[in-house]
Structure formats: C-alpha cells, structure tokens
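Enquirer: Next come a sequence and a model predicted from it.
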Amino acid sequence: AATLRSLAPAAGIRVGAAVDVEALEADPAYARLLAREFNLVTPENAMKFAVVQPERDRYDFTQADALVAFAEAHGMQVNGHVLVWDRQLPDWLTQGGFSRDELMAILREHIRTLVTRYRGRVASWDVAAEAVGEDGKLRDTFWSHGIGPDYLALAFRWAHEADPQARLRYNDYGGEGAGAKSDGIYRLVADLRQQDVPIDAVGLQMHVGLDDAPRADDVRINMKRLAALGLQTDITEMDVMLPLPARGTALRRQARVYGAMLQACLAVPQCRSFSTWGASDAHSWIPEYFPGQGAALLFAADGRPKPACESVRGVL
Ligand code: XIL
C-alpha cells in the first residue's frame, strides 16, 4: 500500500508524528516506520524547557539535535515544541522566586537560544500552548502569574525576532470543535492578530476518545473562522484512546474518527498538516497517563497499519 507521506502532497498537507527521541535510537523498526510514513516530526519531549535548560543557563541539546538530524536525513520538516507552556518546567525556574523582570529575561533568553539555534531548520514553532481554560478565559499559569497576560504576545514577538521566517503557532487541546474553550482560543488569537503579534497558525491537538471526539462539522467551521482571521490551522497531536484490550468494533469506530477529522482538515485549504502524537502503539503517552486506555495511534505496536491507518489513507 502507498505510504501516508507519498499521498500527502496531492492532498495539500503534511503528515506528522511526535517522536520519542530515546526510542528513535533504541528501536530501529520505529525509526524506519517514522521515516517511511511521515514527512513532519515534532519532538515529544526533547525541546521542552526542563529538557533543554535543566539548570539556569546550561542548555542540553543532545536529544533535540538528534531529532533535527533524523528529520533532515529523511527529508522531514520539524515542528519545534514548545516554548511557553506551564508544564515540564525545571525546578530551578518554578522554585526560583524570580521577579517579573527576571522571568521576562529568562523567557526571552530561552526563546532566543532555541529559535536561533534551529533557524532555517525548524520550520514551525509551537510558541505557546494551553493558555486557555475550559471556560474560555486565560488560565492562571506559571507564566501569566509571573509576567502577566502579555507573556503570550511577548513570546511570539521574541520568537519572530529570532527567526523571522519561522511559522509561529498557538497550540491547545479541547478547543477543536464548538464550545466555550474553542471560543476562548478564537478570542485569544483574534486579539493577538489585532495587536499585530506575529502568529501564523493555531494547532488543534485532538487528544480524544470514542465518546468525546468533536463533530467533524464543528472542527471544519472552527478552522474556517480561524482562517478568516488570516490564520492557518493544523491537527497537531491526534490520538484516539480506546479501553484495553481494544476490540475490532472499537478499532473500526476509531478509524472513522480519524477519517472524519482528516476530512475536516482537507475541507479547509488553510489546514496544512495532520499529526498524531506518536506513530505506533508501542510508543504512546496514553497508557501511562490514562491507565487502562491505549491503542490510540495509526500503527499497531508491531508496526502494522491499523484500520485507522487504512481510513486515513483512504481519505488522503
Ligand atoms: C506528553 C508526552 O507525550 C509525555 O511523554 C510527557 O511525559 C508529558 O507530555 N499535550 C502536549 C504534549 O502538548 O507536549 C504532551 O506530551 C501531551 C499533551
């Protein structure tokens, strides 16, 4: 059968996966699957704050460099993930008792260092993530608390300074379809555009299950209203968790959810990529974070395509 990455260009999108860099090195079959099927990669953890700056002003780019080298060797684009988020932060930062001015200097330097290092090699950056609450209001996060709500605008401006060519994205979950959170994300990015903040795209994460997946019509309508603001969209982290062990009916329902979300993306010209949060069920965050759930991705643990993969292929 045709690979996903061979079908994607005619559909006008890239197909991506989050990559576990340690597994990339330890599991050659996993690396081969990624290189064969995808033309876009996002480091699952390798560019997060606690990994790249484990101590103040001491950067460790071992894993991030390995990811970028892997992508370049296989003609894949890289999405950097993530510059401003309030999870996976190092203790020196969260326990440091820093003033607003100090936090601004730390964040600016962090963004400048990462974005400059990969200028021209990381095409797109998740500048900020998960800033909006379920009620649609800005969440109280480490950064909003320490810097104030303008931390978001500042982060985009600093990233743009460091690489004016990079595509800059806001990425969130639970706001893919209709509802208060989706409206809140819309208001946030509309407000950023209004202030001439350099934001290019909104990432819809799409971590879902069989019973809480959004309606495809709502996803398409949401993407359209974001497009009307001049923003591109992406499905950035899709997985569809199933209760384990996953049976045939569940796998077939999962396949329909994947197909429907990809169709929504393809119906909107500004939707540029479709990524899953992992490639095969052998390396997925779901079983660890949602005990009893799993089998959430397109390929089985042995690397074979699941019904979900056939469905995605069919839609492409
Ligand atoms: C997850 C990783 O997959 C895990 O390995 C890690 O322990 C926690 O973070 N939304 C995101 C991702 O944007 O960064 C998260 O990744 C999953 C949810």
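Expert: Good, I have the coordinates.
Enquirer: contacts for stretch 62-71?
Expert: 19, 21-22, 24-25, 31, 34-35, 41, 43, 45-47, 51-52, 76-78, 114, 118, 121-122 (C-beta atoms under 8 Å, 6 or more residues apart in numbering). Using the backbone N, CA and C atoms, a C-beta is placed for each residue, glycine as well.
Enquirer: Can you select the buried ones from the residues you listed in PyMOL?
Expert: A single PyMOL command selects the buried members of the contacts of stretch 62-71 (16 or more other C-beta atoms under 10 Å):
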select buried, resi 19+21+24+31+34+35+41+43+45+46+47+51+52+76+77+78+114+118+121+122
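Enquirer: Narrow the contacts of stretch 62-71 to those in strands?
Expert: 19, 41, 43, 77, 78 (DSSP state E).
Enquirer: For the ligand, see how far away the third one is.
Expert: Read it as residue 43. For residue 43, the distance to the ligand (C-beta to the nearest ligand atom, to the nearest Å) stands at 9 Å.
Enquirer: Need the three-state assignment for the closest residue to residue 171 other than its chain neighbours.
Expert: Closest residue to residue 171 apart from its sequence neighbours, by C-beta to C-beta, 6 or more residues apart in numbering: residue 203 at 3.5 Å. Following DSSP: H, G, I helix; E, B strand; the rest coil, residue 203 is assigned to strand.
Enquirer: beta partners of residue 203?
Expert: Counting by DSSP bridges, residue 203 forms beta bridges with residue 171, residue 234.
Enquirer: Residue 196 versus that one, what's the distance?
Expert: 21 Å (C-beta to C-beta, to the nearest Å).
Enquirer: Looking at the two, which has the bigger crowd around it?
Expert: residue 203 (26 against 9; other C-beta atoms under 10 Å).
Enquirer: Show the contacting residues for that one.
Expert: If a contact means C-beta under 8 Å, 6+ apart, then residue 203 has 126, 129, 169, 170, 171, 172, 233, 234, 235, 236, 237 as its contacts.
Enquirer: For it, give its distance to residue 87.
Expert: For residue 203, the distance to residue 87 - C-beta to C-beta - is 16 Å.
Enquirer: so where's the stretch 101-250 of the chain uncertain?
Expert: For the stretch 101-250 of the chain, no stretch has pLDDT under 70.
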